[in-house]
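Visitor: Prediction below, plus the sequence it came from.
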Amino acid sequence: MMTFPFTGEFKVTAIFGASNQELWANNGHEGIDFASRGDKTIVSVTEGTVGWVKRSSTGFGNHVWVKNDDGYGCIYAHMSRIYVKAGDKVGAGTALGVQGATGNVTGPHLHFEVIVNGSTKNPISYLKKNE
């Protein structure tokens, strides 16, 4: 089973592969940015295990990495609050935290990345594959 990272309404504010040197030092956006229009709770898109929880004022800010049971991994970044800890088992729809503006950001949102064997993949392809 799969869900989107927000249970309510959201909008996409930056797409995978977008180029903007001002915002992304590597000149290529490696995820999708979502901004919730309602409930700000961020949820896991599939079942998995929380691999790490990091808190920082730079880069991804407060973020969580979930190793999904299908072999993929997802990063959920820029959270204002985190509800899980490393080693927690999560299911699709499990609350991970709350949308925020920590790290390198221009405003509150969720940066969502999908990683396979150390390489980022387009999250939309992953989310559609699992619909």
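Guide: Structure's in. What do you need? Residues are numbered from 1 along each chain as shown.

Visitor: beta partners for residue 100?
Guide: Applying DSSP bridges to residue 100 yields these beta-bridge partners: residue 109.

Visitor: what's the distance between it and residue 81?
Guide: Using CB to CB, to the nearest Å, we find residue 100 at a distance of 7 Å from residue 81. Glycine gets a C-beta too; all of them are placed from N, C-alpha and C.

Visitor: neighbour count winner among these two?
Guide: For residue 100 and residue 81, the more surrounded residue by other CB atoms under 10 Å is residue 100, and the numbers stand at 21 against 15.

Visitor: re the thing from before, shared neighbours, residue 100 and residue 81?
Guide: residue 62 (CB atoms under 8 Å, 6 or more residues apart in numbering).

Visitor: Quick one: neighbours of residue 68, just the number.
Guide: Here the count is done by other CB under 10 Å, and residue 68 has 22 residues near it.

Visitor: Verify the stated contact: residue 108 with residue 37.
Guide: No - if you go by CB atoms under 8 Å, residue 108 and residue 37 don't touch, sitting 11.3 Å apart.

Visitor: For those two, indicate the residue with more neighbours.
Guide: Neighbours were counted for residue 108 and for residue 37 using other CB under 10 Å; residue 108 has more, 17 against 11.
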